[in-house]
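1. Let's see this in three dimensions:
(one chain, ligands or ions: 1)
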Amino acid sequence: MSLPIRPAVQASPDYPFSAIEAPVKLDQNESFADFPAELKAIALERLRELPWHRYTDLHAEALCDAVARHDGWAASGTVVTTGSNVLIALLVQLAGMGARVLTVKPNFALYGLDARLLGAALTEVPLHTNLGTDVDALIAALDEAPARGVVFVARPHAPTGSLCGLDDLERLARACQDGWLLVIDEAYHHFTAHDARELARRHPHVVLLRTFSKAWGLAGLRLGYALAGDEVARQLRKLVPPFGVSVLQTVCALVALERPGYLRERVAHTLRERERVFQVLQTHPTWQVMPSHANFLLVRTPDAAQAHAALLAQGVLVRRQDRLHGLEGCLRMTIGTAAENDTFLRTAGLSP
Ligand SMILES: Cc1ncc(COP(=O)(O)O)c(C=O)c1O
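-> I've put the predicted structure just below:
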């Protein structure tokens with residue numbers, strides 16, 4: 001008997017992740033600290049009062065309003081779902097199915113995985129040798145048939161931490177005007193000086209993707225959103241499962257958005273620690289650390305398997321990236337607490 005499963009799904013690999021337990025967990029680019037206890041308490045108290053037997057808003061309207069106010073965007077152009085990874089699939093459904101998904105290589109795995117699963121032609125343009133996004137190569141690839149679909153650019157880029165310049169993005173946005181949706185994935189935008197909202201405001205075919213999973217410290221809550229022009233948002237909402245955002249997700253995110261002070265403090269910590277760890281890693285005799293605009297650092301080692309195992313043996317978990325195109329020998333470490341970063345550095349043979 002053969003199961004009626006589409007060949008594209010059968011041929012697709014599993015998501016490239018295996019969970020490993022370790023005391024110092026620096027492998028998933030999460031926040032170094034949990035959602036503040038006092039905010040958890042407020043959220044839990046509110047949850048106690050709210051009815052759980054009722055459906056939530058059709059499209060999380062109250063949460064969209066609060067997100068939009070916080071981010072200085074129109075609520076009519078804001079679409080919230082259960083994680084930005086859901087939005088990546090929905091954006092491929094919106095404009096990539098039967099057309100093309102164009103992105104860089106290596107990149108956050110889901111753009112390519114979703115393209116293959118959903119039957120989009122996939123073009124992946126290699127990064128520059130300095131690990132930056134090659135916008136000229138992306139623009140040249142827009143002409144390949146089918147010459148329409150979705151372009152994904154992560155800014156900052158994952159897993160390198162490099163940052164595509166806003167001038168380059170503007171050129172790309174202009175080149176995408178006919179037939180392409182340009183998705184700028186800003187999962188790590190809090191850790192950079194300038195985001196791409198101004199550019200997105202000027203171009204109705206540009207969509208920004210954001211998440212509560214990184215700087216907000218709410219990866220376990222599963223919430224992400226798109227900031228788009230009104231028409232793209234209206235069409236995208238048709239693909240979002242109705243009543244998909246739960247009462248738990250809504251309440252916790254509303255509490256966070258009402259008291260965002262902790263976010264600024266944490267981002268400041270991460271930026272300080274990123275610079276400190278970067279400086280110390282530069283003194284490593286054989287490792288090479290890349291400058292980063294995100295909450296993680298990419299390090300090239302002579303032997304990633306050996307370095308990963310040696311760190312893990314001392315309780316420090318980082319992510320291997322050495323099987324990705326152009327990232328031979330590379331490991332990625334999330335910036336943790338000062339103590340976690342010290343443990344990482346000592347285990348790597350360095351004095352913090
Ligand atoms: C570039 C990028 N986009 C999106 C995501 C997914 O975010 P979410 O937790 O909102 O699904 C990640 C997660 O690591 C990421 O690195």
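2. going forward, measure contacts between C-alpha atoms and count neighbours the same way
-> Noted.
3. next helix or strand past the helix or strand of the chain with the lowest mean pLDDT?
-> Every helix and strand of the chain was ranked by mean pLDDT, DSSP states H and E. The lowest is helix 7-11, at a mean of 93. Downstream of helix 7-11, the first helix or strand assigned by DSSP states H and E is strand 24-25.
4. how far is that following strand from where the chain is centred?
-> 20 Å (CA atoms, centre = their mean, to the nearest Å).
5. can you dump the C-alpha coordinates of the very next helix or strand once past it into CSV?
-> Per DSSP H and E, strand 24-25 leads on to helix 37-49 as the next helix or strand towards the C-terminus. The C-alpha coordinates for helix 37-49 follow below in CSV (Å, rounded to 0.1, in the frame of the first residue of the first chain):
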residue,chain,number,x,y,z
ALA,A,37,8.5,36.9,36.9
GLU,A,38,6.3,39.9,37.7
LEU,A,39,5.0,40.0,34.2
LYS,A,40,4.3,36.3,34.3
ALA,A,41,2.3,36.9,37.5
ILE,A,42,0.2,39.7,35.9
ALA,A,43,-0.5,37.6,32.8
LEU,A,44,-1.5,34.5,34.9
GLU,A,45,-3.8,36.7,37.0
ARG,A,46,-5.5,38.1,33.9
LEU,A,47,-5.8,34.6,32.5
ARG,A,48,-7.6,33.5,35.7
GLU,A,49,-10.3,36.1,35.1
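6. Which elements pack onto the particular helix or strand that has residue 232 in it?
-> Under the criterion of DSSP H and E, residue 232 resides in helix 230-237. Counting contacts by 3 or more CA pairs under 8 Å, 6 or more residues apart in numbering; DSSP states H and E, helix 230-237 is packed against strand 78-81.
7. Could you see whether the ligand lies near the helix or strand that the helix holding residue 232 is followed by?
-> Tracing the chain C-terminally past helix 230-237 and defining elements by DSSP H and E, one meets helix 247-258 next. No. Helix 247-258 does not reach the ligand (CA under 6 Å from any ligand atom); its nearest approach is 12.6 Å.
8. Quick one: mean pLDDT over helix 247-258.
-> Average pLDDT, helix 247-258: 98.
9. who touches it?
-> For helix 247-258, contacts defined as CA atoms under 8 Å, 6 or more residues apart in numbering pick out 39-40, 42-43, 46-47, 52, 56, 60, 63, 66-67, 70, 216, 221-223.
10. again with stretch 33-44
-> 216-218, 251-252, 255-256, 262, 337.
11. run the last query once more with 6 Å
-> Stretch 33-44 has contacts (CA atoms under 6 Å, 6 or more residues apart in numbering) with 217, 252.
12. Can you sort out which of the contacts of helix 247-258 also neighbour the ligand?
-> Okay, of the contacts of helix 247-258 touching the ligand (CA under 6 Å from any ligand atom), that's 222-223.
13. Which PyMOL command selects the buried ones in the contacts of helix 247-258?
-> Per 16 or more other CA atoms under 10 Å, the buried members of the contacts of helix 247-258 correspond to this PyMOL selection:
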select buried, resi 39+40+43+47+56+60+63+66+67+216+221+222+223
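14. contacting residues around the helix holding residue 232?
-> 76-77.
15. Could you check it and say which residues are buried?
-> Within helix 230-237, the residues scored as buried using 16+ other CA under 10 Å are 232-233, 236-237.
16. Pull that helix out as PDB, backbone CA atoms only.
-> Backbone C-alpha positions of helix 230-237 (Å, rounded to 0.1, in the frame of the first residue of the first chain) are rendered in PDB as follows:
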ATOM      1  CA  ASP A 230      -2.800  47.000   3.800                       C
ATOM      2  CA  GLU A 231      -3.500  45.000   0.600                       C
ATOM      3  CA  VAL A 232      -0.800  42.400   1.200                       C
ATOM      4  CA  ALA A 233      -2.000  42.000   4.800                       C
ATOM      5  CA  ARG A 234      -5.600  41.700   3.700                       C
ATOM      6  CA  GLN A 235      -4.700  38.900   1.300                       C
ATOM      7  CA  LEU A 236      -2.300  37.200   3.800                       C
ATOM      8  CA  ARG A 237      -5.100  37.100   6.500                       C
END
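17. which helix of the protein spans the most residues?
-> helix 261-281 (DSSP state H).
18. what angle sits between it and helix 247-258?
-> Helix 261-281 runs at 80 degrees relative to helix 247-258, counting by axes from the mean of the first three to the mean of the last three CA atoms, to 10 degrees.
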